[in-house]
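Participant: Show me how the following folds:
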Amino acid sequence: MGPPRSQGRGAERESYSQPGPAPSLGALQRARPGPQTGWAPDGGAGAGGWEEALEPGRGPRPAPPSAPSRGSSAGGPARARAGFPAPGRGGNEAQMGLDNHTMVTHFILLGIPNTNGLQTILFFTFLAFYLCTLLGNLIILAAVLADPRLHTPMYFFLCNLAVLDIGLSSVNIPKYLANLWANSNTISLGGCMAQVFFYHFLASTETLLYTVMAFDRYVAICHPLRYLVIMNRRVCALLAAGTWICSSFHATILASLTFTLPYCGSNVVDYFFCDLFPVVKLACGDTYVLEVVTFTNTGLVPMTCFVLILSSYVRIVYSIIKMNAGEGRHKAASTCASHLVVVIMFFGSCALVYTQPQLSKVWVTTLDVFGNLVTPMLNPAIYTLRNKEVNAGLRKLLGGKTPAR
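Facilitator: Below you'll find the model as predicted:
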């Protein structure tokens, strides 16, 4: 007995083909398509498959108008000869990949460039800096809250800055430490979106807060008699809230524009955390709108803030020069110098990173590590080393005696 006849299209094809000599086993193996094409193993190959092997002297015949059998579809062999994926299991997956090319579930972070084999050193270095950042800023918060004499506008804004420094360093450093510890470089899509949003949210808030702090110092030094009237609690609360609210809109717009782009290529982020430029490089859609918004939000707005800060300090320096020599002049100069050093460190690194997209990866990484890890750690030291009021608050917090004023 011969093999049972296949049903459906196989039966129609048998009646359609003219009888001929039985094919050899080698001819059948050469003519039979591989499993990757998705054709059915029994009678599922379209015209030009079995018939070409059975009748080697004749050209391929057009397929009869019959319904496709299981595992095949109309035009399958033609699509395979044209270079398209066959419409079987592999073809369906490829077609779904073309239709759903935005379905990225995770990203791979390559880490800091040129640091292969230094994972242990990087882990303990970043951990030490991060713990110092947390400890220093928490001490500032505790000292200001514990001493009623420090409940002034200047120290209110300093507390906001301490919270921002803790948050900014916590956006990407813990994830990087976890990747170093577990030797894993993956981050979920939600985690990448959170890093982009919170990084730009907190960095923008810090930019606006530095501007507000410069205005506070301008009023305190140039208009000392009206300082408490102008910078009352309501004004301070509105200024602080405004910096947080405006920055939330800024970060929402950037994150939305970034992750509504189609990502149909690689998901490898050539950086140690998800930032705007490294992620957008992976997009395969039009990024013109995002580029314009990025230039406005991370270029013009910070530059405007920096110009306002410099203008305030020009007036402050002019007022300090006009003061009589004494403790008040020294105190004003010391306070403003501390703030100006922090502003230059923050704006300098941001300006180089976001206005020079073609900067080498080594420089960009160095500046980002400095801005995300070193600057938040140095801020408490810069503001407290020469500040007698904060030092007195720290002694009170630690249970020591506070010198009388």
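Participant: can you pull the contacts of His250?
Facilitator: Residues in contact with His250 (C-beta atoms under 8 Å, 6 or more residues apart in numbering) are 200-201, 204, 297, 301. In short, each C-beta sits where N, CA and C put it, glycine included.
Participant: which one of those residues is nearest Val289?
Facilitator: Closest approach between the contacts of His250 and Val289, by C-beta to C-beta: Asn297, at 12.2 Å.
Participant: now the contacts of His250 in CSV, with secondary structure?
Facilitator: Below are those laid out as CSV (DSSP: H, G, I helix; E, B strand; the rest coil):
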residue, secondary structure
His200, helix
Phe201, helix
Ser204, helix
Asn297, helix
Val301, helix
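Participant: Quick one: buried ones out of the residues you listed?
Facilitator: 200-201, 204, 297 (16 or more other C-beta atoms under 10 Å).
Participant: Any chance of a markdown table for the residues you listed, columns pLDDT and distance to Leu109?
Facilitator: Shown next, in a markdown table, are the buried ones among the contacts of His250 (pLDDT from 0 to 100; distance: C-beta to C-beta, whole Å):
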| residue | pLDDT | distance to Leu109 |
| --- | --- | --- |
| His200 | 92 | 18 |
| Phe201 | 95 | 20 |
| Ser204 | 92 | 23 |
| Asn297 | 81 | 24 |
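Participant: now, the most widely separated pair of those residues?
Facilitator: Phe201 and Asn297 (11.4 Å).
Participant: And the residue lying closest to Pro174 once chain neighbours are set aside, how far from Leu352?
Facilitator: Distances taken as C-beta to C-beta, 6 or more residues apart in numbering put Tyr130 closest to Pro174, at 7.5 Å, once the chain neighbours are dropped. Tyr130 sits 23 Å away from Leu352 when distances are taken as C-beta to C-beta, to the nearest Å.
Participant: tell me the SS of Phe273?
Facilitator: Looking at Phe273 with three-state DSSP, the answer is coil.
Participant: List phi and psi for it.
Facilitator: phi -150, psi 170 (degrees, to the nearest 10).
Participant: Over to Val279?
Facilitator: phi -80, psi -40.
Participant: All the strands of this structure, residue numbers only.
Facilitator: 106-109, 186-188, 268-269 (DSSP state E).
Participant: Can you name the residues bridging to the closest residue to Asn185 other than its chain neighbours?
Facilitator: Closest residue in space to Asn185, ignoring its immediate chain neighbours: Leu109 at 4.8 Å, by C-beta to C-beta, 6+ apart. When bridges are called by DSSP bridges, Leu109 pairs up with Val269.
Participant: what would the buried ones among the contacts of His250 look like in a markdown table with distance to Leu367?
Facilitator: Formatted as a markdown table, the buried ones among the contacts of His250 follow (distance: C-beta to C-beta, whole Å):
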| residue | distance to Leu367 |
| --- | --- |
| His200 | 16 |
| Phe201 | 20 |
| Ser204 | 17 |
| Asn297 | 19 |
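Participant: ok, so of these, who is nearest Lys281?
Facilitator: His200 (16.7 Å).
Participant: these two touch, right, Leu394 and Leu141?
Facilitator: No. Assessed by C-beta atoms under 8 Å, Leu394 is found out of contact with Leu141, at 11.6 Å.
Participant: Now stretch 139-147: average pLDDT?
Facilitator: Mean pLDDT, stretch 139-147: 87.
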